[in-house]
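**Student:** Okay, here's the prediction I keep looking at, along with the sequence it came from:
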Amino acid sequence: MQEVASIVSGSDDLPNFLRSHFVRLLNSVDRKLLRSSDIACQRQGLRCIEHLVDMIGPHLCAFVPKIMALLTQTLQEPPLQGEGLRVWLSFVRTLARVSSCLNS
């Protein structure tokens, strides 16, 4: 992903590259993976969200409502609750980390 950002934008700043594409990426994960009837695809979607949250870094705060909506949706499915809660925890920890950096 870093290499793609570097080629497309001419910069190694992955969070800034992702910022302009983040909602589209989340919508694609939602449509193609989270809404699948296959539990394995849904779990893969959760892992994708977790990685995207980590990569967006300091711009995470702008996308909190969308991410929360997607993660809340997954908690409604019993087979996904464990993985969903794990990703929620990762999301909250990342949010706390980037929020504290923004406040410093």
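**Tutor:** Cool, the structure landed.

**Student:** Please make it C-alpha for all contacts and neighbour counts, starting now.
**Tutor:** Will do.

**Student:** Helix or strand: which one has the most centrally placed residue in the chain?
**Tutor:** For the chain, the residue nearest the mean C-alpha position is residue 49 (3.1 Å; C-alpha atoms, centre = their mean). For residue 49, the host element (DSSP states H and E) is helix 39-56.

**Student:** What is that helix packed up against?
**Tutor:** Other elements packing on helix 39-56 under the criterion 3 or more C-alpha pairs under 8 Å, 6 or more residues apart in numbering; DSSP states H and E are helix 14-19, helix 22-29, helix 81-103.

**Student:** Do you know the pLDDT at residue 9?
**Tutor:** Looking at residue 9, its pLDDT reads 52.

**Student:** Apologies, that question was intended for residue 40.
**Tutor:** So, for residue 40, pLDDT stands at 95.

**Student:** for the one 4 residues further on, same thing?
**Tutor:** pLDDT recorded at residue 44 is 96.

**Student:** my guess is it meets residue 33, correct?
**Tutor:** Yes. Taking contacts as C-alpha atoms under 8 Å, residue 44 lies within contact range of residue 33: 7.0 Å.

**Student:** Which one's more surrounded, the two?
**Tutor:** Remark: of residue 44 and residue 33, residue 33 carries more neighbours, 20 against 15, as counted by other C-alpha atoms under 10 Å.
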